[in-house]
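Engineer: 3D model of this:
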Amino acid sequence: TNNNNNKLIVYLAPTKALVSSQCENIKKSVRSDVKLSTLSNQSFNSARINIDDSLRFNDKAYEESIRLRNKILLNNVLVLTPGLLNSILSTGVLKMSDFDSLILDECQEAKGASPMVEICSHIDSYEADKRPRVLGISSGFKSSAKISLNETIKSLERIMNSKVVHESTSQSIKDSHFYRIVQYH
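Structural biologist: Numbering: from 1, shown residues only. I've put the predicted structure just below:
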């Protein structure tokens with residue numbers, strides 16, 4: 001668990017289906033007293049509409065954002081999509097400094113204008129002592145006719161301000177690898 005001043009461990013999965021699946025997997029591997037939750041677009045968007053609407057008319061926005069923030073921070077672990085995390089960060093309900101650790105599942109998807117790239121940029125905008133620890137994980141990288149595997153890895157290292165560490169999971173199965181992306185500050 002993360003009893004580091006009630007900071008969250010945030011696990012980002014690229015799809016809603018993976019959010020549900022990974023949440024179940026995490027539940028099976030942590031103690032029963034660990035508070036684990038997912039946050040859906042629907043629940044966050046309805047709260048955000050209340051925040052945005054009331055911001056124009058009175059101070060209810062502040063109360064709503066505090067209520068939502070407190071509800072989220074009751075958890076130890078939060079599992080959600082990168083796009084939803086970007087929405088949460090953009091409203092100011094949570095800040096990167098609220099997170100102890102950030103786990104990016106399928107981090108090889110951090111390219112172009114993806115939500116993961118936005119998150120990496122957001123992390124870099126914080127002072128080093130305010131940033132969460134970051135672990136990117138990937139089951140593998142794909143190269144294309146235009147871009148080599150080495151170029152793909154170097155691009156990810158630049159985007160995540162990190163170093164790719166490769167671990168072979170099986171000596172007998174060619175191209176069966178696990179990659180860890182370790183972020184250095």
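
Engineer: For the rest of this, base every contact and every neighbour count on C-alpha atoms.
Structural biologist: Noted.

Engineer: Need the phi and psi values for Ser21.
Structural biologist: The phi and psi torsions at Ser21 (degrees, to the nearest 10) take the values phi -60, psi -50.

Engineer: swap that for Lys163, please
Structural biologist: The phi/psi pair for Lys163 (degrees, to the nearest 10) is phi -130, psi 130.

Engineer: Ile137 is in contact with that one, correct?
Structural biologist: No - judged on C-alpha atoms under 8 Å, Lys163 makes no contact with Ile137 at a distance of 11.9 Å.

Engineer: neighbour count winner among those two?
Structural biologist: Neighbour totals were compared for Lys163 and Ile137, and Ile137 leads with 19 against 16 (other C-alpha atoms under 10 Å).

Engineer: Looks like Ala110 contacts Ile159 (just checking).
Structural biologist: Yes - taking C-alpha under 8 Å as the definition, Ala110 is a contact partner of Ile159 at 7.4 Å.

Engineer: Of those two, which one has the most company?
Structural biologist: Under the criterion of other C-alpha under 10 Å, the comparison of Ala110 against Ile159 puts Ala110 first, with 21 against 18.

Engineer: tell me the contacts of the more buried one?
Structural biologist: The neighbourhood of Ala110, defined by C-alpha atoms under 8 Å, 6 or more residues apart in numbering, consists of 116-117, 156, 159.

Engineer: what ranges do the strands span in the chain?
Structural biologist: In the chain, the segments counted as strands under DSSP state E are 8-12, 36-38, 77-80, 99-105, 133-138, 162-168, 177-183.

Engineer: can you list residues touching both of Ala110 and Ile159?
Structural biologist: Residues within reach of Ala110 and of Ile159 at once, by C-alpha under 8 Å, 6+ apart, are Val117.

Engineer: Next, work out how far apart Leu85 and Lys163 are.
Structural biologist: Here Leu85 is placed at a distance of 23 Å from Lys163 (C-alpha to C-alpha, to the nearest Å).

Engineer: quick one on the thing from earlier: Throw the strands of the chain into a markdown table and include mean pLDDT, thanks.
Structural biologist: Below are those laid out as a markdown table (pLDDT from 0 to 100):
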| stretch | mean pLDDT |
| --- | --- |
| strand 8-12 | 95 |
| strand 36-38 | 88 |
| strand 77-80 | 94 |
| strand 99-105 | 91 |
| strand 133-138 | 83 |
| strand 162-168 | 65 |
| strand 177-183 | 48 |
